[in-house]
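Asks: Sequence first, predicted model second:
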Amino acid sequence: MVGPNDFKDPKLARGLIDSIQALAPEHATLMEVCGTHTVAIARNGIRSLMPEGCRLASGPGCPVCVTSNHDIDAVIALARVPEVILTTFGDMTRVPGSTSSLLKEQAAGRDVRIVYSPLDALNIAKENPERQVVFVGVGFETTTPLIAIAIKRAKAMGLENFSVFAAHKNMPNAMDVLMRDPNLKVDALILPGHVSTIIGMEPWRFLAEKYGIPGVITGFEPLDVLEGIAMIMRQLHEGRAEIENAYTRGVMPQGNPVALAAIDEVFETCTATWRGLGPIEGSGYRIRDEFAQFDALRRFEPTIEPTKEPKGCRCGDVLRGIMAPDECPLFRKVCTPENPVGPCMVSSEGSCAAYFRYY
Ligand code: SF4
């Protein structure tokens with residue numbers, strides 16, 4: 001049986017590091033697309049194992065970080081609706097909007113509660129029939145199916161006091177835009193394991209076919225990441241550009257059809273605005289008309305304040321991989337996890353927070 005320490009075996013790690021060193025080209029930039037990879041790389045010191053001339057750059061895969069300021073302001077506006085209990089994952093409470101944050105709103109007396117799943121929010125709605133419960137739905141395909149299931153369950157139960165602020169995004173369309181950015185020089189991609197368990201391998205293939213960029217889907221243990229990097233180095237060494245899967249224990253080529261069907265039943269794709277990347281057609285999910293009563297924005301139509309971006313924050317450049325967090329003039333001096341200026345310093349998956357903690 002495979003145990004947790006098998007993914008940290010020093011002998012296997014040594015072998016993979018040797019392969020990386022032997023196969024690496026003179027110069028290469030590998031982007032880790034996913035925020036969980038950013039943290040795994042930082043926590044395990046993998047950046048320092050990269051051969052000279054090769055570097056790792058973070059990408060746009062932290063869902064809290066890519067949520068636009070306008071969407072944060074919309075969530076704050078929903079928290080201000082008098083009868084609303086606003087439920088959210090913890091990271092979102094500290095993200096600064098244009099003039100406030102959910103934490104400040106909570107201090108001002110709004111009912112903001114941290115939950116660990118949309119089903120927790122559903123239970124709060126059941127227990128508080130006289131109140132309106134809104135769940136903040138932010139994330140990629142890893143969380144979108146759970147929210148689809150919560151909405152379907154609410155409909156089946158006839159629950160009239162539950163709704164969702166839907167700001168879900170899908171990664172492949174954002175990567176398509178990112179790959180066309182003339183400022184970005186990326187030679188290969190470490191692709192996210194969690195998202196790929198849902199969407200499978202196919203939606204990534206265009207990266208190799210259209211842009212000639214190799215990509216490897218990998219997991220989050222130290223050996224997973226090293227194996228993914230070694231496979232990328234082999235592709236670069238052999239002049240290949242393919243999408244490969246180093247996370248076969250989690251990712252099937254076709255993804256998870258049940259989860260994909262749940263997403264498709266409740267959501268349709270739409271244009272979504274990403275922090276740092278702007279509006280991207282087909283990169284977001286909105287609630288279908290058949291489930292419109294569960295769409296918090298359509299239910300409450302709150303007044304959203306005009307958007308102001310955090311002054312001096314370079315999260316947009318960090319999310320596009322064209323700047324490392326410690327190149328931001330505010331990093332560590334003004335912007336810290338205790339006093340975050342932008343979301344990349346707030347989120348547990350944010351690059352700035354990972355740099356602050358581990359470098
Ligand atoms: Fe924004 Fe702070 Fe990161 Fe600078 S260090 S990009 S201000 S979050």
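Replies: That came in fine, so what should we check first?

Asks: Any buried residues in stretch 185-192, and which?
Replies: For stretch 185-192, the neighbour count (16 or more other Cβ atoms under 10 Å) marks 186-192 as buried. C-betas here are computed from N, CA, C, even on glycine.

Asks: Between these, which sits nearest residue 338?
Replies: residue 192 (28.7 Å; Cβ to Cβ).

Asks: Identify the residue spatially nearest to that closest one, adjacent ones excluded.
Replies: Spatial nearest neighbour of residue 192, excluding adjacent residues (Cβ to Cβ, 6 or more residues apart in numbering): residue 34 at 3.5 Å.

Asks: wait, what's in contact with that neighbour?
Replies: 59, 61, 190-195, 349 (Cβ atoms under 8 Å, 6 or more residues apart in numbering).

Asks: all strands of the stretch 1-150 of the chain, in order?
Replies: In the stretch 1-150 of the chain, the strands defined using DSSP state E, counting those that start in this stretch lie at 28-34, 54-61, 84-88, 111-114, 132-139.

Asks: between those, which gets nearest to residue 154?
Replies: Short answer: strand 132-139, nearest of those by Cβ to Cβ, at 9.6 Å.

Asks: the longest helix in this protein is where?
Replies: Longest helix of the chain, by residue count under DSSP state H: helix 222-238.

Asks: now whatever residue of the stretch 1-150 of the chain ends up closest to the ligand: how far from residue 40?
Replies: As assessed by Cβ to the nearest ligand atom, the ligand sits closest to residue 65 within the stretch 1-150 of the chain, at 8.3 Å. Distance, residue 65 to residue 40, by Cβ to Cβ, to the nearest Å: 16 Å.

Asks: So for stretch 66-86, mean pLDDT?
Replies: Averaged over stretch 66-86, pLDDT sits at 97.

Asks: that older thread, turn the strands of the stretch 1-150 of the chain into TSV, including distance to residue 149.
Replies: TSV is the format used below for the strands of the stretch 1-150 of the chain (distance: least, Cβ to Cβ, whole Å):
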stretch	distance to residue 149
strand 28-34	23
strand 54-61	23
strand 84-88	16
strand 111-114	20
strand 132-139	12
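
Asks: To residue 19, which of those lies closest?
Replies: With Cβ to Cβ as the yardstick, what comes closest out of these is strand 54-61 (13.1 Å).

Asks: would you list the contacts of residue 34 in CSV and tack on distance to the ligand?
Replies: CSV is the format used below for the contacts of residue 34 (distance: Cβ to the nearest ligand atom, whole Å):
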residue, distance to the ligand
59, 14
61, 16
190, 21
191, 24
192, 21
193, 25
194, 23
195, 23
349, 13
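
Asks: about what we covered before: okay, residue 65 and residue 40: which has more neighbours?
Replies: More crowded of residue 65 and residue 40, by other Cβ atoms under 10 Å: residue 65, with 30 against 21.

Asks: residues from this protein in reach of the ligand?
Replies: By the rule Cβ under 6 Å from any ligand atom, the part of the chain lying against the ligand is 313-315, 318, 325, 328, 330-331, 335, 341-342, 344-345, 352.

Asks: Closest one of those residues to residue 141?
Replies: Set against residue 141, the nearest of those by Cβ to Cβ is residue 344 (21.3 Å).

Asks: what about the closest one, how many neighbours?
Replies: 35.

Asks: now do the one 10 residues further on
Replies: Look at residue 354: counted by other Cβ under 10 Å, it has 26 neighbours.

Asks: quick one: it and residue 29, what's the gap?
Replies: Distance of residue 354 to residue 29, given as Cβ to Cβ: 18 Å.

Asks: what residues are up against the residue of the chain positioned farthest from its centre?
Replies: Ranked by distance from the centre of the chain (Cα atoms, centre = their mean), the top residue is residue 130, with 33.8 Å. Counting by Cβ under 8 Å, 6+ apart, residue 130 makes contact with 83, 161.

Asks: and with 6 Å instead?
Replies: For residue 130, no contacting residues are found, by Cβ atoms under 6 Å, 6 or more residues apart in numbering.

Asks: Just the pLDDT for it.
Replies: So, for residue 130, pLDDT stands at 97.

Asks: Quick check: phi and psi on it?
Replies: phi -90, psi -10 (degrees, to the nearest 10).

Asks: Make CSV out of the contacts of residue 34 and add pLDDT, distance to residue 218 and secondary structure.
Replies: Supplementary listing: these in CSV, determined by pLDDT from 0 to 100; distance: Cβ to Cβ, whole Å; DSSP: H, G, I helix; E, B strand; the rest coil:
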residue, pLDDT, distance to residue 218, secondary structure
59, 93, 14, strand
61, 91, 13, strand
190, 98, 6, strand
191, 98, 7, strand
192, 97, 8, strand
193, 97, 6, helix
194, 95, 11, helix
195, 96, 12, helix
349, 89, 16, coil
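
Asks: which of those lies closest to residue 241?
Replies: residue 191 (13.1 Å).

Asks: Pairing partners for that closest one in the sheet, please.
Replies: Per DSSP bridges, the residues bridged to residue 191 are residue 217.

Asks: on contacts alone, who are the packing partners of the helix or strand where residue 155 lies?
Replies: Using DSSP states H and E, residue 155 sits in helix 144-157. Helix 144-157 sits against helix 118-127, helix 257-266, with contacts defined as 3 or more Cβ pairs under 6 Å, 6 or more residues apart in numbering; DSSP states H and E.

Asks: Buried residues of it, list them for me.
Replies: Buried-residue list, helix 144-157, by 16+ other Cβ under 10 Å: 144-151, 154.

Asks: Spatially nearest residue to residue 142 (excluding sequence neighbours)?
Replies: Using Cβ to Cβ, 6+ apart, the closest residue to residue 142 is residue 194 (4.5 Å).
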